[in-house]
Each structure stands twice: as structure tokens, then as C-alpha cells.
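1. have a look at this prediction, sequence included:
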Amino acid sequence: MDIRFDGKYAVVTGAGRGIGRAIARVLGASGACVYVSDVIEQNATNVRDEIRAFGGEAEAFVADVTKPEQLEKLMQAPPVLDIMVNTAGIIIPETLFSAKQEDIDKIFQINAIGSSNSVRAAFPRMREQGHGRILLIASATSRNTGNMIAHYGMTKASVVSLAMAAAEEGAHYGINVNAICPGIIFSHIWEVMMDRYVKGNSPADREAWWKALVESIVPGGKEQTCEDIANSVAFMVSDQAKNITGQSLSVDGGMWLGF
Ligand SMILES: NC(=O)c1ccc[n+]([C@@H]2O[C@H](COP(=O)([O-])OP(=O)(O)OC[C@H]3O[C@@H](n4cnc5c(N)ncnc54)[C@H](O)[C@@H]3O)[C@@H](O)[C@H]2O)c1
């Protein structure tokens, strides 16, 4: 199976680093013209340049997913909006009871409402076109979570719910909406977790904490990579997946199995 996106246009939010960057690169390497969007302009520009450097087509865009008017401009930017992937997300490394109200509001604004803002901004164009693929990055914590990331898990469960609601509406207009639930991938959000939870905080302490965590929650004892997630996204937004909608796919090495 050869997945190609030649002649197609894709918008990826939160694409300036980590998983979003890998998604933008894989779509770009598979022929899509990618609108690399992030709230950090320099990171969006860097990823655009990386894609252009390997011969792909890309544009950089600054959009904050908490600002519907910025997302509306972003979704209007490509000549056709074939694909929209919402990756933007943050974590607050606090428990249900230690989290401050302002942090709870912020994580819901970005992860939950931000996902809804992206879908609501993409839908009118896709509806008018009569086709579109929307992919939302949720998390394994939408299904199994813990106190260390209580509010994060709540926001990600809402993303799975959003994918189902939007898929029902989209089915009337040729728009597929799905979610992917990544497991555990080393990225900036885990740096933030380690700053809060690792005792000692030397590089060796951080490495030991990470290793113990991965071994305790992934049956095979291995984390996933950004590319693992990006390759799954590529399939889910491809024509080969045209009959898949309203689903949430775990890409997590079987995380939590056996618990
Ligand atoms: N890393 C993991 O283990 C893991 C597991 C499950 C789900 N996820 C999800 O994957 C997505 C990507 O996370 P990551 O691990 O690559 O972390 P990351 O911090 O490297 O990437 C997040 C990106 O989102 C951007 N962003 C943050 N707030 C934004 C806003 N308001 N508007 C637009 N962009 C914004 C950041 O600038 C950054 O580029 C997130 O939604 C995260 O919750 C990650």
C-alpha cells in the first residue's frame, strides 16, 4: 500500500516540534503541501524549512488554537482544505487537588476547547467542498489516566468524544473525523512532567524515572516515537481509510494491557 497525498493540502496545528512536527514532515514527504502551524512562530518556520529542504511543499503559519479568528484565517489559507490535523496540546503536571484554577482553565482552553475550535474552523470549508479528513490527537490517558495528570486525562477524553460528535455531522458531507491516542513518546511535555515529579533531577535521575515509567506501563517496555504516531496519522487521513470515521485508534504499544 502506497500512501500518497500529491496535490493535496494539509493543515497541522502544534506542528512546530514533537509529534506535530513529525506529522507535518511525513505528510510533506508523502506529497502534501503542508501548512505548518504553531503558536511559536520560529518553530513553525523551522519545520516549514525542513520540509522544503527535502523537496516538499510547505508554508508556515502562526495560530493559537484558543483564538477562533486565527484558526479561521489558517483554514482559509490553503487553496483546498483536504486534511486538518489538530496536534496542539499542553500538560499541567499537577494532581486533581494540587492544580491551580488558572492552570485547569488553561489546559481545558488549549486541549479541549482548542480541539473544538480547530474542528469548527475547518468544517465550513470542508462541508462546502464536500470532502475532508480531520484527525485529532488525543491520548492513551483518554481511556486510562491517573491523579498525576488528572485534568490532562479529562481534556483528552473530551477529544475522543469530539471526534465522534464531529464524525456524525461530517458523514453527511464526506468529512471523516477520527482521533489517535498516542501512548508515551519523549517530548517537551515529558520534560515538563520531569521538572515536577523527578526527585533529584540530575540527568541520571530523569533517565531512571523515565525508564521505570515506560517499563511499568508499556508491556513491551518501549516508548513510541513521533514517527510511529505520524505514520498512523498518514493512514487515517488517506483515501485508504475512507470508511473509517468516528474512531479513536490507540498507538501505544499495548499500554495498560494486563493492568
Ligand atoms: N508525548 C506524549 O507522550 C504524548 C502522549 C499522548 C498524547 N500526546 C499529545 O500529542 C500532542 C503533541 O504533544 P508533544 O508530545 O509533541 O508535545 P510538544 O510540547 O512538543 O508539542 C506541542 C505543540 O503544541 C504547540 N502549542 C501549545 N499550545 C498551543 C496553542 N495554544 N496553539 C497552538 N499550538 C500550541 C506547542 O508550541 C508545541 O509545538 C499533544 O496534544 C499531546 O497532548 C503526547
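-> Good, I have the coordinates.
2. what segments of the chain are helices?
-> 18-29, 41-53, 68-76, 101-107, 114-129, 150-170, 188-197, 203-217, 226-236 (DSSP state H).
3. so which of these gets nearest residue 11?
-> helix 68-76 (6.1 Å; CB to CB). Yep, even glycine has a C-beta here, placed from its N, CA and C like the rest.
4. hmm, who's touching the closest one?
-> Residues lying outside helix 68-76 but in contact with it, judged by CB atoms under 8 Å, 6 or more residues apart in numbering, are 11, 13, 35, 37, 61-65, 81, 84, 117-118, 120-122, 125.
5. just the CA atoms of it, as PDB, please.
-> Extracted in PDB, the C-alpha atoms of helix 68-76 (Å, rounded to 0.1, in the frame of the first residue of the first chain):
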ATOM      1  CA  PRO A  68     -11.000  31.000  16.700                       C
ATOM      2  CA  GLU A  69     -10.400  34.000  14.500                       C
ATOM      3  CA  GLN A  70      -6.700  32.900  14.000                       C
ATOM      4  CA  LEU A  71      -7.900  29.400  13.200                       C
ATOM      5  CA  GLU A  72     -10.400  30.700  10.700                       C
ATOM      6  CA  LYS A  73      -7.700  32.500   8.800                       C
ATOM      7  CA  LEU A  74      -5.500  29.400   8.900                       C
ATOM      8  CA  MET A  75      -8.200  27.100   7.500                       C
ATOM      9  CA  GLN A  76      -8.800  29.700   4.700                       C
END
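6. near the ligand at all, that helix?
-> No: using CB under 6 Å from any ligand atom, no contact is recorded between helix 68-76 and the ligand, whose separation bottoms out at 8.5 Å.
7. how about that helix: buried residues?
-> Buried residues in helix 68-76, counting neighbours by 16 or more other CB atoms under 10 Å, are found at 68, 70, 71, 72, 74, 75.
8. do the same with stretch 114-126
-> 114, 115, 116, 117, 118, 119, 120, 121, 122, 123, 125, 126.
9. and the gap between the fifth one and residue 7?
-> Spatial separation of residue 118 from residue 7 under the definition CB to CB, to the nearest Å is 23 Å.
10. contacts only, for the residue nearest to residue 198 when sequence neighbours are not counted.
-> Excluding its sequence neighbours, the residue lying closest to residue 198 (CB to CB, 6 or more residues apart in numbering) is residue 209, at 4.6 Å. The neighbours of residue 209, taking CB under 8 Å, 6+ apart as the test, are 194, 197, 198.
11. wait, doesn't the last one sit right on residue 204?
-> No: under the criterion of CB atoms under 8 Å, residue 198 makes no contact with residue 204, lying 10.2 Å away.
12. flag every residue of the stretch 151-259 of the chain that's near the ligand.
-> Taking CB under 6 Å from any ligand atom, the part of the stretch 151-259 of the chain that reaches the ligand is made up of 182, 184, 185, 187, 188, 189.
13. show me which of those residues is closest to residue 94.
-> For these, the residue nearest residue 94 by CB to CB is residue 189; the value is 13.3 Å.
14. ok, that closest one - contacts?
-> With contact set as CB under 8 Å, 6+ apart, residue 189 has these partners: 18, 89, 90, 91.
15. at 10 Å instead, please
-> 18, 19, 89, 90, 91, 92, 93, 139, 149, 152 (CB atoms under 10 Å, 6 or more residues apart in numbering).
16. what do you get for residue 138?
-> By CB under 10 Å, 6+ apart, residue 138 lies in contact with 86, 89, 111, 115, 155-163, 178-182, 248-250.
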